[in-house]
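Trainee: any chance you can model this:
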Amino acid sequence: MRHGIDVFAQLSLISGQGTEVLVDGDKDIIAVIFPNLRTARQFLKQFPGSTNRRKILVRLHVGLRLSDLKLQVKVSHLVIAQLTPSSQGGLASRLAGLDPVELRVLNILRAALSIV
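Mentor: Here you go, the predicted model:
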């Protein structure tokens, strides 16, 4: 039985380039929805250095475990990455410096090719 936090939110953010990014909270899932892969990549560039990024991801993972929430990163409607309380990442996430994030490589390729 789940004893975490339920989140209900709909936010609209404007990136530095004027692109709209949505944040949607629905029960135990927080989704950050980018309109395209380029915008998602520009967002990630704000956290330079794998050591800095790793510290942020570890803190975020601890927070998600304590609150029993899941974070999904989407491009359009495709989930390209996910961080859950039980996430361990994989080879792709370690190579990208995003461990423990679970990368969905096929969906990343679909988003890159705009096959949705």
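Trainee: name the helix or strand for residue 63, please.
Mentor: helix 50-67 (DSSP states H and E).
Trainee: quick one: buried residues of that helix?
Mentor: Buried residues in helix 50-67, counted by 16 or more other CB atoms under 10 Å: 53, 57, 61, 64, 67. For glycine as for every other residue, the C-beta is placed from the backbone atoms N, C-alpha and C.
Trainee: am I right that the third one is in contact with residue 100?
Mentor: What it means is residue 61. Yes: counting by CB atoms under 8 Å, residue 61 touches residue 100, with 5.7 Å between them.
Trainee: return every residue with contacts to both of those two.
Mentor: Common contacts of residue 61 and residue 100, defined by CB atoms under 8 Å, 6 or more residues apart in numbering, comprise 83, 87.
Trainee: switch the buried residues of helix 50-67 over to JSON lines; also include distance to residue 93.
Mentor: Output for those, formatted as JSON lines (distance: CB to CB, whole Å):
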{"residue": "53", "distance to residue 93": "11"}
{"residue": "57", "distance to residue 93": "9"}
{"residue": "61", "distance to residue 93": "12"}
{"residue": "64", "distance to residue 93": "15"}
{"residue": "67", "distance to residue 93": "21"}
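Trainee: reformat these as a markdown table; add pLDDT and distance to residue 25.
Mentor: Below are the buried residues of helix 50-67 laid out as a markdown table (pLDDT from 0 to 100; distance: CB to CB, whole Å):
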| residue | pLDDT | distance to residue 25 |
| --- | --- | --- |
| 53 | 82 | 23 |
| 57 | 91 | 19 |
| 61 | 95 | 18 |
| 64 | 95 | 13 |
| 67 | 94 | 11 |
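Trainee: where does this protein have low pLDDT?
Mentor: Applying pLDDT under 70 to the chain flags residues 1-3, 115-116.
Trainee: quick revisit: just checking, what packs against the helix holding residue 63?
Mentor: strand 70-75, strand 78-83 (3 or more CB pairs under 8 Å, 6 or more residues apart in numbering; DSSP states H and E).
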